[in-house]
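1. Sequence and predicted structure are below.
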Amino acid sequence: MSEKGKTTAIVGYITILGALIAMSMNSESKNEFARFHIRQAFGLHLLFIAFGILSSNYGNLMSFYALLLSYSILWVYGFVGALSDKKQSVPILGPFFQKWFTFIQ
C-alpha cells in the first residue's frame, strides 16, 4: 500500500466534500486501498445526510441524536481503519457500500 493511497483514504473521511476530492485524487492511480475507504466514507456521508433530512422533517430531537451518535461511531471505526492501514468495513453497512458504490474507481 502506498502512502498516497493512505492519504487519499483519510481525505475521504473528511466530510462529503473530502470524499469527492478523494475520488478525484484517486482517479489516475486507482489505488485499491483508497477506493475501498472512499466507498466506505462516501456511503457514511450520504447516509448521514439522507437520515438527517428525514429526521429534521419527520423525527424528533432524540432521533437526531441517535443518528449523530451512530454516524460518529461508524465514522471513527472507518477512519481508524484508514489510519492503521486496514481494509475493514464499517459494521453492517460496509459490504453494502462496496456493492452500491462500484462507480467509484
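-> It's in. Residues are numbered from 1 along each chain as shown.

2. what about the longest helix in this protein?
-> Counting by DSSP state H, the longest helix found in the chain is helix 32-58.

3. Could you check how far the very next helix or strand once past it is from the centre of its chain?
-> As assigned by DSSP states H and E, the chain's next helix or strand after helix 32-58 is helix 61-83. With Cα atoms, centre = their mean, to the nearest Å as the basis, helix 61-83 stands 10 Å off its chain's centre.

4. Tell me the buried residues in helix 61-83?
-> In terms of neighbour count (16 or more other Cβ atoms under 10 Å), helix 61-83 has its buried residues at 67, 71, 74-75, 77-79, 81-82. In short, each C-beta sits where N, CA and C put it, glycine included.

5. quick check, nearest of these to residue 9?
-> For the buried residues of helix 61-83, the residue nearest residue 9 by Cβ to Cβ is residue 82; the value is 4.2 Å.

6. For the closest one, give its distance to residue 22.
-> 10 Å (Cβ to Cβ, to the nearest Å).

7. just residue 35 next, same as before
-> In terms of Cβ to Cβ, residue 35 sits 9 Å off from residue 22.

8. May I see the buried residues of the longest helix of the chain?
-> By neighbour count on 16+ other Cβ under 10 Å, the buried set for helix 32-58 is 33-45, 47-48, 51, 55.

9. picking that back up, give me the common contacts of residue 82 and residue 22.
-> By Cβ atoms under 8 Å, 6 or more residues apart in numbering, residue 82 and residue 22 have these common neighbours: 9, 12.

10. Grab the most central residue of this protein for me.
-> residue 41 (0.8 Å; Cα atoms, centre = their mean).

11. Under the pLDDT cut-off, which ranges of the protein? List them.
-> Within the chain, the segments meeting pLDDT under 70 span 1-2, 59.

12. Could you look up the SS state of residue 103?
-> Secondary structure assignment for residue 103 (DSSP: H, G, I helix; E, B strand; the rest coil): coil.

13. before we move on, what about residue 90?
-> Look at residue 90: counting by three-state DSSP, its state is coil.
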